[in-house]
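Participant: dropping the sequence and predicted coords here.
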Amino acid sequence: RIRHYKWNVKYEFRSPDCFKKLVMTINGKTPGPTIQAQEGDTVIVQVNNSLVTENLAIHWHGIRQIGTPWFDGTEGVTQCPILPGETFTYQFVVDRPGTYLYHAHYGMQRESGLYGLIRVAPLEPEPFAYDLDRSIILNDWYHKSTYEQVAGLSAIPFQWVGEPQSLLIHGKGRFNCSESPSLSTAVCDTSNPECSPFVQTVIPGKTYRLRIASLTALSALSFQIEGHNMTVVEADGHYVEPFVVKNLFIYSGETYSVIVKTDEEPSRNYWITSNVVSRNRTTPAGLGIFNYYPNHPKRSPPTVPPSPPAWDDVEPRLAQSLAIKAHQKYIHKPPTTSDRVIVLLNTQNNISGYRHWSVNNVSLTQPHTPYLIALKENITGAFDRISPPDGYDFTEYDIFNVSGNANATSGNGIYRLKFNTTVDIILQNANTMNVNNSETHPWHLHGHDFWVLGYGKGKWDVKNDTKKYNLENPIMKNTVPVHPFGWTALRFRTDNPGVWAFHCHIESHFYMGMGVVFEEGIQRVGNLPSSIMGCSHTKPFHTP
Ligand SMILES: O=C1O[C@H]([C@@H](O)CO)C(O)=C1O
């Protein structure tokens with residue numbers, strides 16, 4: 001079946017957390033409309049860019065774009081931006097069931113509010129049962145525009161974006177306007193119905209599937225439903241061997257399905273909470289209401305919201321990461337060996353006075369001639385043809401100390417991967433430029449699902465750590481955290497011809513260079529549609 005959508009993207013004034021600012025809407029909505037399809041369907045989305053003065057590109061996060069690498073929606077990698085006033089049509093097959101996302105992928109525009117869910121229903125029965133299916137997208141929210149943030153991040157001295165002002169639960173949050181008395185009620189008004197808390201009404205005695213997704217700009221989150229356990233059954237479109245949590249840790253770009261039974265005392269409501277973890281939180285909790293029908297949906301629960309886990313305790317987060325295994329009836333075994341191992345050291349650096357993030361001492365500057373077009377059409381001069389290194393100096397580099405990284409440079413070289421081979425990626429975390437500090441980075445791979453072979457503390461060690469890899473029942477995912485001062489090991493097959501970004505899903509970190517690009521099987525990519533061309537070096541290839 002074909003699922004056809006027509007979207008108009010524009011800026012509108014909205015007050016998702018009571019503070020009025022310009023947000024990007026799709027057909028008047030943020031979060032945007034949910035794409036509902038069935039496994040094997042073709043999705044066609046006709047996007048009209050009505051932003052007036054701003055380019056646009058939309059990425060279909062978790063959809064592998066097999067045979068359509070040009071519709072991945074990544075500006076500078078797979079397509080030229082959609083110009084203001086233009087209409088661009090994405091067309092791709094949703095080949096796997098599960099919960100996926102879409103969001104803007106041009107500059108830092110995702111955090112302006114252009115994001116939503118893709119739900120793909122399966123053809124086969126699933127390994128869990130439920131009565132009702134509901135979705136909740138989590139986000140964090142800034143009051144400054146992305147333009148102000150970009151200007152600060154690329155200024156000398158560096159101006160960090162700081163912690164978000166609020167946390168949104170399905171597009172609704174609450175900023176305490178009285179904390180900023182200079183704001184008039186025209187700008188900040190806590191009685192505005194737009195920022196009334198998110199309510200999930202549930203019928204007592206039922207089993208719910210809740211699809212929980214995060215598209216935060218910065219924050220790692222702990223999600224809770226007061227008094228209710230959650231059984232994790234799906235992660236990034238793959239069935240999980242069920243396990244029970246009270247707090248679901250979720251990183252930007254991840255999706256989970258959890259099973260929740262509404263079997264608590266039915267005469268009251270319960271809190272839904274979202275809290276920042278892994279950073280010393282200053283953002284207040286995101287609060288929603290888990291409304292047991294027929295209690296009034298606006299009735300606050302009689303309790304104080306449950307308190308979140310300690311922000312700096314890595315252990316429970318690492319434990320959750322390790323608990324996520326493939327469902328025993330849905331194990332796709334990874335190849336037992338790999339053809340190439342790429343170790344990616346994540347560091348924060350100064351380069352020519354500017355603050356950056358680097359991978360093996362190279363900070364990615366995205367060119368504006370999309371790699372896919374440059375490689376397929378043999379356009380020279382569009383990017384550095386020297387590949388970044390496959391590793392770092394294991395013996396010398398101290399991941400536990402601030403390092404000057406004096407050799408860090410900016411570049412736009414890419415990794416050329418041999419087609420139909422097995423590649424291991426080791427994400428190696430390190431100290432930032434602040435003493436005793438390492439952050440969580442959720443890394444997202446375009447065009448693929450990968451096996452998560454393992455997580456560990458400290459420096460990855462080729463001799464001992466590879467022996468501990470889970471080759472029996474590893475989960476497949478498209479987004480995975482690397483924990484503070486730790487490492488994460490992934491494996492994937494280079495079987496999807498195209499050019500694919502792999503990057504930290506923290507909006508400001510990717511902007512600051514925290515990403516790499518992989519090419520595989522470029523000679524097998526079909527004819528590129530001319531709609532993706534027209535910018536920079538691709539101008540001569542554009543036939544309107
Ligand atoms: O990229 C970052 O910069 C700041 C800080 O390290 C410098 O002020 C921070 O917390 C980041 O994640």
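Facilitator: That came through fine. Quick caveat, the model's predicted, so the values are computed rather than measured.
Participant: in the stretch 51-200 of the chain, which spans are strands?
Facilitator: Secondary structure of the stretch 51-200 of the chain by DSSP state E, counting those that start in this stretch: the strands cover 58-61, 87-93, 98-104, 115-121, 132-141, 166-169, 198-202.
Participant: correct me if wrong: Phe360 contacts Ser387.
Facilitator: Careful, residue 360 is Asn and not Phe. No - counting by CB atoms under 8 Å, Asn360 sits too far from Ser387 to count as a contact (10.5 Å). The C-beta positions use only the backbone N, C-alpha and C, and glycine is treated the same way.
Participant: look at these two and report which has more neighbours.
Facilitator: Neighbour totals were compared for Asn360 and Ser387, and Asn360 leads with 19 against 14 (other CB atoms under 10 Å).
Participant: how about that one, nearest residue that isn't a chain neighbour?
Facilitator: Sequence neighbours aside, Pro389 is the residue nearest to Asn360 in space, at 4.7 Å (criterion: CB to CB, 6 or more residues apart in numbering).
Participant: wait, is the one you found part of a strand?
Facilitator: No - assessed with DSSP: H, G, I helix; E, B strand; the rest coil, Pro389 is coil; it does not lie in a strand.
Participant: separation between Leu101 and Ile118?
Facilitator: Going from Leu101 to Ile118 by CB to CB, to the nearest Å gives 6 Å.
Participant: give me the common contacts of these two.
Facilitator: Gly62 (CB atoms under 8 Å, 6 or more residues apart in numbering).
Participant: quick one, which of these two is more surrounded?
Facilitator: Leu101 (27 against 22).
Participant: pretty sure the more buried one sits against Ile63.
Facilitator: No - Leu101 is beyond contact range of Ile63, at 9.2 Å (criterion: CB under 8 Å).
Participant: what about the residue nearest to Asn360, how many neighbours?
Facilitator: 17.
Participant: what residue of the protein is the furthest out?
Facilitator: Ser267 (37.2 Å; CA atoms, centre = their mean).
Participant: make sure that residue is indeed in a helix.
Facilitator: No - under three-state DSSP, Ser267 sits outside any helix and is assigned coil.
Participant: check contacts around it.
Facilitator: So Ser267 contacts Tyr292, Asn295 (CB under 8 Å, 6+ apart).
Participant: report how many residues lie close to Tyr100.
Facilitator: Number of residues near Tyr100 (other CB under 10 Å) recorded here: 23.
Participant: for it, which residues make a bridge with it?
Facilitator: Ile118 (DSSP bridges).
Participant: pLDDT score assigned to it?
Facilitator: Looking at Tyr100, its pLDDT reads 99.
Participant: that one and Ala326: what is the separation?
Facilitator: 18 Å.
Participant: okay, Gly28: pLDDT?
Facilitator: 98.
Participant: tell me how many other residues crowd it.
Facilitator: Using other CB under 10 Å, Gly28 has 11 neighbouring residues.
Participant: so who does it touch?
Facilitator: Taking CB under 8 Å, 6+ apart as the test, what Gly28 contacts is Glu12.
Participant: okay, the residue in the stretch 251-400 of the chain positioned nearest to the ligand: pLDDT?
Facilitator: Going by CB to the nearest ligand atom, the ligand is nearest to Gln348 of the stretch 251-400 of the chain, at 5.9 Å. Note for Gln348: predicted pLDDT of 97.
Participant: what's across from it in the sheet?
Facilitator: In beta-bridge terms (that is, DSSP bridges), Gln348 pairs with Trp357.
Participant: thinking it is in contact with Thr432, fair?
Facilitator: Yes - here Gln348 reaches Thr432: they are 4.5 Å apart, a contact under CB under 8 Å.
Participant: quick one: which of the two has more around it?
Facilitator: More crowded of Gln348 and Thr432, by other CB under 10 Å: Gln348, with 25 against 18.
Participant: where's that one relative to Val525, distance?
Facilitator: Distance of Gln348 to Val525, given as CB to CB: 35 Å.
Participant: in contact with Asn429, which residues?
Facilitator: Applying CB under 8 Å, 6+ apart, the residues contacting Asn429 are Asn346, Ile399, Ser438, Glu439, His441, Val482, His483, Pro484, Phe485, Gly486, Trp487.
Participant: mind doing that once more with 6 Å?
Facilitator: The contact partners of Asn429, by CB atoms under 6 Å, 6 or more residues apart in numbering, come to Asn346, Ser438, Val482, Phe485, Gly486.
Participant: next: Ala501.
Facilitator: When contacts are counted by CB under 6 Å, 6+ apart, Ala501 touches Thr74, Val77, His446, Val517.
Participant: what lines up beside the stretch of helix or strand it belongs to in the sheet?
Facilitator: Ala501 belongs to strand 498-504 when assigned by DSSP states H and E. Paired strands of strand 498-504, with direction, are strand 441-445 (antiparallel), strand 515-520 (antiparallel) (DSSP bridges).
Participant: can you name the residue of the chain nearest the ligand?
Facilitator: For the chain and the ligand, the shortest gap (CB to the nearest ligand atom) falls at Trp160, measuring 4.2 Å.
Participant: next, count neighbours for that residue.
Facilitator: Using other CB under 10 Å, Trp160 has 10 neighbouring residues.
Participant: ditto for the one 5 residues further on
Facilitator: Neighbour count of Gln165, defined by other CB under 10 Å: 21.
Participant: how close does it get to Arg279?
Facilitator: Distance from Gln165 to Arg279, by CB to CB: 14 Å.
Participant: and stretch 449-459, average pLDDT?
Facilitator: 98.
Participant: do the same with stretch 298-312
Facilitator: Per-residue scores along stretch 298-312 average to 97.
Participant: repeat for stretch 531-540
Facilitator: Rounded mean pLDDT across stretch 531-540 is 94.
Participant: may I see the buried residues of that stretch?
Facilitator: In terms of neighbour count (16 or more other CB atoms under 10 Å), stretch 531-540 has its buried residues at Ser531, Ile532, Met533, Gly534, Cys535, Ser536, His537, Thr538.
Participant: farthest pair within those?
Facilitator: Largest separation among the buried residues of stretch 531-540 by CB to CB: Ser531 and His537, giving 16.8 Å.
Participant: what about the strands in the stretch 251-400 of the chain?
Facilitator: 255-261, 270-277, 286-292, 340-351, 354-359, 362-364.
Participant: ok, which of those comes nearest Tyr455?
Facilitator: Of the strands of the stretch 251-400 of the chain, nearest to Tyr455 by CB to CB is strand 340-351, at 14.3 Å.
Participant: list the contacts of the closest one.
Facilitator: Against strand 340-351 from outside (CB under 6 Å, 6+ apart): 356-360, 390-392, 405, 408, 410, 423-430, 432-433.
Participant: separate out the buried members of these.
Facilitator: Here, 16+ other CB under 10 Å leaves 356-360, 392, 405, 408, 410, 423-430, 432 buried among the contacts of strand 340-351.
Participant: near the ligand too, which of those?
Facilitator: With CB under 6 Å from any ligand atom as the criterion, the members of these in contact with the ligand are Thr432.
Participant: the buried ones among the contacts of strand 340-351 in helices, which ones?
Facilitator: Members of the buried ones among the contacts of strand 340-351 lying in helices (criterion: DSSP state H): none.
Participant: on that earlier part again, between the strands of the stretch 251-400 of the chain, which one is closest to Gly456.
Facilitator: So among the strands of the stretch 251-400 of the chain, strand 340-351 is nearest, using CB to CB, at 12.9 Å.
Participant: and the closest one, what's buried?
Facilitator: Within strand 340-351, the residues that qualify as buried are Val341, Ile342, Val343, Leu344, Leu345, Asn346, Thr347, Gln348, Asn349, Ile351, counting by 16+ other CB under 10 Å.
Participant: quick one, it and strand 354-359 angle?
Facilitator: 170 degrees (axes from the mean of the first three to the mean of the last three CA atoms, to 10 degrees).
Participant: pull up the residues of the stretch 401-544 of the chain that are close to the ligand.
Facilitator: Thr432, Met433, Asn434, Glu439, His509.
Participant: looking at those residues, spot the one nearest Thr25.
Facilitator: Among those, and counting by CB to CB, the member closest to Thr25 is His509, at 25.7 Å.
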